[in-house]
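[1] Quick one, structure for this:
(chains A, B, C and D)
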There are 2 protein chains.
Amino acid sequence: MQSELDLKKIVHDHGYKATPQRLAILSVFSKNHRPFSAEEIYKKLKKTGTDLVTIYRTLTSFEKGGVLKRVDLRKDSVQFELAHGHHHHIVCTICGRVEDFDDCDLETVTKKIVSKSAHFKSIREHSLELFGVCRKCS
Amino acid sequence: MQSELDLKKIVHDHGYKATPQRLAILSVFSKNHRPFSAEEIYKKLKKTGTDLVTIYRTLTSFEKGGVLKRVDLRKDSVQFELAHGHHHHIVCTICGRVEDFDDCDLETVTKKIVSKSAHFKSIREHSLELFGVCRKCS
DNA sequence: TCATAGTTGCAAATGAGTTGCAATTAGATT
DNA sequence: AATCTAATTGCAACTCATTTGCAACTATGA
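    Now for the predicted structure:
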C-alpha cells in the first residue's frame, strides 16, 4: 500500500505535475496490482469527477514516461499497469481472470534468436502472455 | 506458392463457401508470409472490388475457424497471418520491420509456471513478441 | 436446374481514442 | 503570500477502425 506522498514523489520524479487527477489514477494502480483500461479507471474515479479524456492523456504520458506500461490481454480495449517489476500474465480465455508470473527465462531464448537473426542484434523488450482455462471454468 | 485449388480446399475444409473474395484474401496471406491488417488487404485487393466489410468479416471468421490468427505487433490496427506453423516475431520499434523466429522453447517455462499456478492447470496458447531496433535503424 | 443457407456490398452506426481551445492550476519566482 | 506561466484539465467535436442491419446475390448440394 503506497501513501499519497509516495505517489506524489513518483509523479514528480518523472517530471509531471502532481495533480489530484494523476494521483487518483496512480492510486488505482497502486492499490490493485492488475491491468486496467481507461474506462475501468473512469468508473472507479466517478466520484472524483475526473474526465475520461484526462485519463486517456494521463495513461499515454505515464506510458511514455515509463510509469505505466501497456498490456495486450486480448481484451477489446487497451490496458495498462505499473511498469516497475518485470512480470507476465496468464489469462483465462473464458472468464478473463488474470494471474501473474515472474520468471519468463527468456534471456537464453533471446540470445539464441539474436545470434541467428539477420537484421536484429539486440532486443529491448518483449511481450509474453499465456492463455488457458482456469480451474473454475474448466 | 499455393495454387488456387489448394486455397479452395483450405476454405472448404474449414466449412466455408469458396467465394472469389475469400480466395483473394487467402491468396494475399499465402503469397506473403507476414501479418496484414484489414486495410492493407483492402488496398492489395482494390482491383478486385472486394469490400472492406467483407474483409473484416472474412478475417474474423477465418480466425474463429483456425485458418488465420490474430497478431499484436503494437501497430494501430489489428493484424492477421496464416495460423499453421507456430512462430513468433521480432519487431523494429522504429521502422516496423518484422522478422520471424520459430523456436520459442516455452514448454519448460510453461510447465514450471503451471506447476506454481493457483488457478491454471494447463496453457492452451501463448503470445510472444520481441521488440528491438534493427541494424538499419540503429 | 432449383432451392436455400451462406455471403456480399452498401449505408449507417458504434465506440475507443484523439484534438482544439478556453479556463484552471501546480509549482517556480519574487 | 501574491504573482506568473507553462502544464494540465474539461468540454465538445472529431477521427477512424471495426461492426451491424438489411436487401440483393451466389456457391453448392439435392
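[2] going forward, measure contacts and count neighbours with C-alpha atoms only.
    Will do.
[3] do the longest helix that chain A contains and DNA strand C meet at all?
    Across chain A, the longest stretch assigned as helix under DSSP state H is helix A:52-65. Yes - against DNA strand C, helix A:52-65 shows contacts by CA under 7 Å from any atom of the strand at A:52-53, A:56-57, A:60.
[4] Quick check on those: which are buried?
    A:52, A:56, A:60 (16 or more other CA atoms under 10 Å in any protein chain shown).
[5] Name the nearest residue to the residue most central in space within chain A, ignoring sequence neighbours.
    Residue closest to the average C-alpha location in chain A (CA atoms, centre = their mean): A:E81, at 2.0 Å. In this structure, A:E81 finds its nearest non-sequential neighbour in A:P35, 4.7 Å apart by CA to CA, 6 or more residues apart in numbering or on different chains.
[6] Equivalent analysis for A:D102, please.
    Using CA to CA, 6+ apart and skipping the chain neighbours, the partner closest in space to A:D102 is A:H87 (4.4 Å).
[7] give me the number of residues near that neighbour?
    Applying other CA atoms under 10 Å in any protein chain shown, we find 14 other residues in the vicinity of A:H87.
[8] Correct me if wrong: it contacts A:F101.
    Yes - with contact defined as CA atoms under 8 Å, A:H87 reaches A:F101; the gap is 5.7 Å.
[9] is chain B contacted by stretch A:114-121?
    Yes - remark: stretch A:114-121 sits within contact range of chain B at A:119-121, by CA under 8 Å from any CA of the partner chain.
[10] Where does the record place the domain boundaries for chain A?
    What automatic domain parsing lists as the domains of chain A is A:4-82, A:88-137.
[11] Can you give the distance of the helix-or-strand element of chain A with minimal mean pLDDT from its chain's centre?
    Within chain A, judged by mean pLDDT, DSSP states H and E, the helix or strand with the poorest mean is helix A:4-13; its value is a mean of 89. The chain centroid and the centroid of helix A:4-13 are separated by 18 Å, computed with CA atoms, centre = their mean, to the nearest Å.
[12] List the contacts of A:S61.
    Neighbour list for A:S61: empty [criterion: CA atoms under 8 Å, 6 or more residues apart in numbering or on different chains].
[13] one step back: also near DNA strand D: which of the residues of helix A:52-65 next to DNA strand C, exactly?
    Restricting those to those near DNA strand D - CA under 7 Å from any atom of the strand - leaves A:52-53, A:57.
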